Every structure is written in structure tokens, then in C-alpha cells.
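**Student:** model this:
(one chain, ligands or ions: 1)
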Amino acid sequence: MSERSPEHLDVLIVGAGLSGIGAAWHLQDRCPGKSYAILEARGDLGGTWDLFRYPGIRSDSDMHTLGYRFKPWTRSKSITDGPSILEYVRETAREDGIEPKIRFNHHVIAASWSSEDSRWTVEVECGDDGERVTLTCDFLWTCSGYYRYDEGFTPRFEGEERFSGPVVHPQHWPEELDYDGKRIVVIGSGATAVTLVPAMAEKAAHVTMLQRSPTYVASLPAEDRIATTLRRYLPDRAAYAIVRWKNVLVQTLFFQLSRRRPELVKRFIRKGVERSLPPGYDIDKHFKPKYNPWDQRMCLVPDGDLFKAISRGEASVVTDTVASFTEQGIALESGEQLEADVIVTATGLNLLFLGGMKLEVDGEPVDIPGKMTYRGMMLSGVPNFAFTVGYTNASWTLKADLTSEFVCRLLRHMDGGGYSRVLPEADTSIAEAPLLDFTSGYVLRSLDQFPKQGSEEPWKLRQNYIFDIGTIRRGSLEDSALRFSRAAARTSPADRIAA
Ligand SMILES: Cc1cc2nc3c(=O)[nH]c(=O)nc-3n(C[C@H](O)[C@H](O)[C@H](O)COP(=O)(O)OP(=O)(O)OC[C@H]3O[C@@H](n4cnc5c(N)ncnc54)[C@H](O)[C@@H]3O)c2cc1C
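**Tutor:** The predicted structure follows:
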């Protein structure tokens, strides 16, 4: 290597969260000859599970499907706390020798593809002083999550500056925040709000969940008894595989039923809420959404903890709209006042595709919203590039694992055929559709920055693990949408004729 040529790796992975560590595991396992590094913007691994530190932080899907396919989840709780998930990711990185491959404080700013050289040039900002480093790679794989790390979403509230107490966003939880015996208002009704409310209620004087409109909330046992029993009789791997499949089937069935027979599912959820709350509780007002189940992400609460806090009088739900913040709390549009010592704005995330990286192909900027996603993991017109984004209606890792398997299959196929380039190419006859069909505010707010899906295979996003096993794990790589080619400089004349 000459002094001025940048360091070159076969594969660069961007992001050392749950997905990036899983991607590295697959790469080491299936393509052991490949050189690679993980570029991570933060000073530690774990992504989401390291960033979020609010009270009660936990998964809202079970760890038998949020865990990797290759590493059994063996702890007793299936719906588990954030630190345990972080430890699971750390353990994977440690045990499998992935940790030394991570370059921390490496924030990828941009990447540009050159067809002439058949490689990516990746621009990285390092450390606090913003020193720039350039790397090159044959294949670029982003596992950068789906939201902005520097800033959560907070709408502007009238009179914010008047409130005399702390206003906290869950994405930036102040470690020193003391809420013992205080009155808390949590604004929001999503997964974060329903987690925070019972957790804070353990110490606070009272917690009020202030929501503009209700969400579907269902209770699930934190511990999976079948898993616990199976682990007693079977090796961890066998027990894990069985419980994983059980959960995949139950979740898929529930989702399909929600789409096909929404009234039936509504009644089922309603019955669960009725059983969990005191008689006479106004369920219509606080737990009856206007949309159908799974039109937005559903909230799961382990062992009904939210309902228990409400039943004990430690927490309550108010369905109303903020008129303004006041010195003592919040004035509502109904005219009511909510007194508070601390306000928590559990108002969501700012979605961000590819961790904000700018892409260029042969000097042309890639217009992300103008691109179509190939199987929800590659972009039309962007060579040797993949991204990992999980399911929205099931555990993230189910799709992340499949994406990793596919990328490794692709790399092996390219090596086997002597190909240096793979390019997804969308047929112009395929109609475009938004990438996600969720109606949640945070999705609708940012959908125009995301690529599209197509009306047909392999551009259509199925959000269905069982279907995706057939196409992503087992489907042929030589489909009409993927173009494989060999770089002239690296091939023999005979190969060139073949290409
Ligand atoms: C509070 C919360 C709870 C959740 N609970 C669940 C759940 O129960 N079940 C579920 O399925 N999903 C859940 N999710 C979704 C969750 O994000 C995924 O499950 C999973 O953790 C995503 O992992 P990831 O590695 O793809 O992304 P992340 O965890 O977001 O990690 C991405 C990593 O990439 C790094 N990065 C980003 N951009 C760049 C860049 N330009 N350069 C270098 N590095 C970069 C980040 O620093 C980060 O470390 C939850 C999300 C949140 C916010």
C-alpha cells in the first residue's frame, strides 16, 4: 500500500448496534476470508440498547425473536430490560472476536462508488476534533438503525419556557434526575410512554400519562413458561429454536388476523384491558383507538404492569391535548390543569435513513427517496451496497438475521462467479409505493425521506418472516433484478466475453 492510498477492506459495516454485531457474526461465519471493520459513530457498542437509559427501559417484543437466530436467549425473562439486551449484544461481540473489529468514534459521513475502480470510498469523521479519515471497500453495508441519535422528536409546546421544573426527553435521560415523591406527567402513548409510566410510578408521588389519542395496549407474560419448561429438558439451542418458532407463528397469525378480521382482534384486546382494569374504568376514552390494530405499532406491557399501576392509583391516563405549559404544569384544551414537578416528553424519534450518510454513484448524488428497495435491503441503482432495517410488525432481528444471510450469500456468489459488482435494477414498469404502510405520526412525518418499495417481487416489502425465509434465505440470487458483472481490470479476456 502506498503512503497516500487509503486503507482498503473487503466489507465495511456501519454501526455496532444489534444489527451491526449480527452482520459481523454472519460475515465471520459464512465468509471467513473477508477482511472487514465496523465503523461506529459512538464510543460504545449496542446502539439503541446503550443510548436509551430511561427508567424501566425494556424490549416490547420477546427475546426469543429479538435475539439472534445463532445465539439462544437463555435468561428467564422473555420481555426483558435494556441492560440485559445490551449485555447480550456485548457478549456476542466479545465471544466471537467481533469487538476488536469495531472502530469507535468513527462517524460515516459519505460514501461514493466508483465503477471504474469497483469500490466504495468512505469518508469518516473521527473523534471529537472531527478529523477526517478515508477508507475504501468492495462492499458497503449499513446497520445504522432508523432514527437520529443526537435528537429525539419533541413538538413545540406553547409556553414551554414558563414551566419551572425539568422537561426531559427519554432519549437523553439525565442520570441525576431525582423524581422521588414527585408528580410526573409523561406526554405520549407509545411504547416508551407505557414503559415509563409504571416504572416511574414505583418512586413518584403520581404519574399521569397524557395522550392525545389512545393506543392498543396488550399485556403479555414477561416470562415465557413454555421456554422455561423446555429449557429444563432440552439443550438451550433446541429449546430456543422451538420457542422462537412458536413466537413467530403466534405473531404472524396475530398480525394477519389484525389485517383480515380487525373487529375480532379489537374485541380480544378489549377483553384483556377490561380484565386488567377496575370495573367502571373509562376504557372507551383511554384505551379505544380510532384505527385498527397494527395500523400503528401495538404496545405490549409485561405482566400488565401499566394496568396494575393504574389500578393501584399510582398512575392515571388523561386523554386530552396540551394547550400550553404553565409554571405549575400543563393547561389542557378541555380547560383542565395538570400539576407537575417533572414533564417527560415521550413524543418519539426523528427517523433517519442510513444514519444520515450521503451516497454517490460515479459522481452523481444518490436521491434516496427516488430509489426502490430490493427486498428491503438494497437500493436500485446502487452497486455493492446493502442496509439492514428490521420488521415493523415483528422483532427487528428476524429481518436483520435474514438480511445478513442474504448479504453473505451474495458475497459468496460473487466470489464464486468472479463478479466484482452486483447492481439491483428496478424495471420502470413497477409501480412505487411508500416503504411503510404504518399510519403512526413519526412514520408519516419522515416517510418522504425514505426509499420506496415496489408493487411486485422482489421490490415489494412483505414484512412477513415466513414468506421472507422462502425468498431471502432460500430464493435464487440470479433473479431478473440483480445484475452481476466483472470489472474489466480484474478479469481475464475469456471472462470479459462471458460478462
Ligand atoms: C426505545 C426503543 C425500544 C425498542 N424496542 C424494540 C423491541 O422491543 N423489539 C424490536 O424488534 N425493536 C425494538 N426497537 C427497535 C430497535 O431499534 C431495534 O430492535 C434494534 O435495536 C436496532 O438495532 P440496529 O443495530 O439496527 O440499530 P441501532 O440500535 O439504532 O444501532 C445503530 C448503530 O449505528 C450507529 N450509526 C448510525 N449512523 C452512523 C453513521 N453515520 N456512522 C457510524 N455509525 C452510525 C449508531 O451510533 C448505533 O450504534 C426499539 C427501539 C427503541 C428506540
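
**Student:** Helices of the stretch 201-350 of the chain, residue ranges please.
**Tutor:** Along the stretch 201-350 of the chain, the segments classed as helices by DSSP state H, counting those that start in this stretch run 225-233, 236-260, 262-276, 283-286, 305-311.

**Student:** On the three-state scheme, whichever residue of the stretch 351-499 of the chain sits closest to the ligand is what?
**Tutor:** The stretch 351-499 of the chain approaches the ligand most closely through Gly355 (2.2 Å), counting by CB to the nearest ligand atom. Where C-beta positions appear, they are placed from N, C-alpha and C, glycine not excepted. In three-state terms, and counting by DSSP: H, G, I helix; E, B strand; the rest coil, Gly355 is helix.

**Student:** what about the nearest residue to it once chain neighbours are set aside, neighbour count?
**Tutor:** In space, and not counting its chain neighbours, Gly355 is closest to Ser144: 3.1 Å by CB to CB, 6 or more residues apart in numbering. Neighbours of Ser144 under the rule other CB atoms under 10 Å: 28.

**Student:** what's the span of stretch 23-43 from first residue to last?
**Tutor:** This stretch, stretch 23-43, spans 19 Å end to end (CA to CA, to the nearest Å).

**Student:** Next, the buried residues of that stretch.
**Tutor:** For stretch 23-43, burial by neighbour count (16 or more other CB atoms under 10 Å) applies to 23-28, 31, 34, 36-42.

**Student:** Tell me the pLDDT of the residue nearest to Gly355.
**Tutor:** Looking at Ser144, its pLDDT is 98.

**Student:** hang on, it in a strand?
**Tutor:** No - per three-state DSSP, Ser144 lies outside any strand segment and is coil.

**Student:** Between the helices of the stretch 201-350 of the chain, which one is closest to the ligand.
**Tutor:** helix 236-260 (10.5 Å).

**Student:** now what about that closest one, what contacts it?
**Tutor:** Under the criterion CB atoms under 8 Å, 6 or more residues apart in numbering, residues 61-62, 64-65, 67, 69, 72-74, 224, 226-227, 230-231, 233-234, 264-265, 292-294, 393-395, 398, 464-466 lie in contact with helix 236-260.

**Student:** if we can go back for a sec, highest mean neighbour count out of the helices of the stretch 201-350 of the chain?
**Tutor:** Each of the helices of the stretch 201-350 of the chain was scored by mean neighbour count; the highest is helix 305-311, a mean of 21, by mean count of other CB atoms under 10 Å.

**Student:** Can you name every helix or strand that it contacts?
**Tutor:** Packing contacts for helix 305-311, counted by 3 or more CB pairs under 8 Å, 6 or more residues apart in numbering; DSSP states H and E, involve helix 191-201, strand 217-220, helix 262-276, strand 315-319.

**Student:** for the shortest one, what is the average pLDDT?
**Tutor:** When you say that, I think you mean strand 217-220. What strand 217-220 shows for mean pLDDT is 96.

**Student:** Close to the ligand: what parts of the stretch 1-150 of the chain are there?
**Tutor:** Taking CB under 6 Å from any ligand atom as the measure of proximity, the stretch 1-150 of the chain contacts the ligand at 14-20, 39-42, 47-48, 52, 59-61, 66, 107-108, 143-145, 149.

**Student:** And those residues, which of them are buried?
**Tutor:** Counted by 16+ other CB under 10 Å, those give 14-20, 39-42, 47-48, 52, 59-61, 66, 107-108, 143-145, 149 as buried.

**Student:** Counting only strands, which of those make the cut?
**Tutor:** Members of these lying in strands (criterion: DSSP state E): Val14, Leu39, His107, Val108.

**Student:** Thr319 contacts Arg212, doesn't it?
**Tutor:** Yes - Thr319 is within contact range of Arg212, at 7.4 Å (criterion: CB atoms under 8 Å).

**Student:** What residues does the closest residue to the ligand within the stretch 201-350 of the chain make contact with?
**Tutor:** The nearest approach of the stretch 201-350 of the chain to the ligand comes at Leu349, 6.2 Å away (CB to the nearest ligand atom). Listed by CB under 8 Å, 6+ apart, the contact partners of Leu349 are Tyr146, Tyr147, Arg148, Gly152, Phe153, Gln171, Tyr442.

**Student:** Recalculate using a threshold of 6 Å.
**Tutor:** Residues counted as contacts of Leu349 (CB atoms under 6 Å, 6 or more residues apart in numbering) are Tyr147, Gly152, Phe153, Tyr442.

**Student:** Those residues of the stretch 151-300 of the chain touching the ligand, which are they?
**Tutor:** Near the ligand, when you scan the stretch 151-300 of the chain using CB under 6 Å from any ligand atom, you find Thr192.

**Student:** pLDDT weak spots in the stretch 151-300 of the chain?
**Tutor:** Applying pLDDT under 70 to the stretch 151-300 of the chain flags no residue at all.

**Student:** Leaving out sequence neighbours, find the closest residue to Asp303.
**Tutor:** Among residues not flanking Asp303 along the chain, Ala222 sits closest, at 5.0 Å (CB to CB, 6+ apart).

**Student:** which residues touch Val124?
**Tutor:** Contacts of Val124 (CB under 6 Å, 6+ apart): His106, Val108, Val133.

**Student:** Name the nearest of these relative to the ligand.
**Tutor:** The ligand has its nearest neighbour among those in Val108, at 3.7 Å by CB to the nearest ligand atom.

**Student:** That closest one: what's it in contact with?
**Tutor:** Contacts of Val108 by CB under 6 Å, 6+ apart are Val14, Leu39, Val124, Met357.

**Student:** Output the residues you listed as a markdown table; include the columns pLDDT.
**Tutor:** Below are the contacts of Val108 laid out as a markdown table (pLDDT from 0 to 100):
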| residue | pLDDT |
| --- | --- |
| Val14 | 98 |
| Leu39 | 98 |
| Val124 | 98 |
| Met357 | 97 |
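
**Student:** Give the buried residues for stretch 109-122.
**Tutor:** Buried residues in stretch 109-122, counted by 16+ other CB under 10 Å: Ala111, Ser112, Trp113, Ser118, Arg119, Trp120, Thr121, Val122.

**Student:** Filter those down to just the ones in strands.
**Tutor:** Counting by DSSP E, the part of the buried residues of stretch 109-122 found in strands is Ala111, Ser112, Trp113, Arg119, Trp120, Thr121, Val122.

**Student:** Adding pLDDT, write these out as JSON lines.
**Tutor:** Below are these laid out as JSON lines (pLDDT from 0 to 100):
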{"residue": "Ala111", "pLDDT": "98"}
{"residue": "Ser112", "pLDDT": "98"}
{"residue": "Trp113", "pLDDT": "98"}
{"residue": "Arg119", "pLDDT": "97"}
{"residue": "Trp120", "pLDDT": "98"}
{"residue": "Thr121", "pLDDT": "98"}
{"residue": "Val122", "pLDDT": "98"}
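
**Student:** Name the nearest of the residues you listed relative to Tyr216.
**Tutor:** Nearest to Tyr216 among those, counting by CB to CB, is Ala111 at 39.5 Å.
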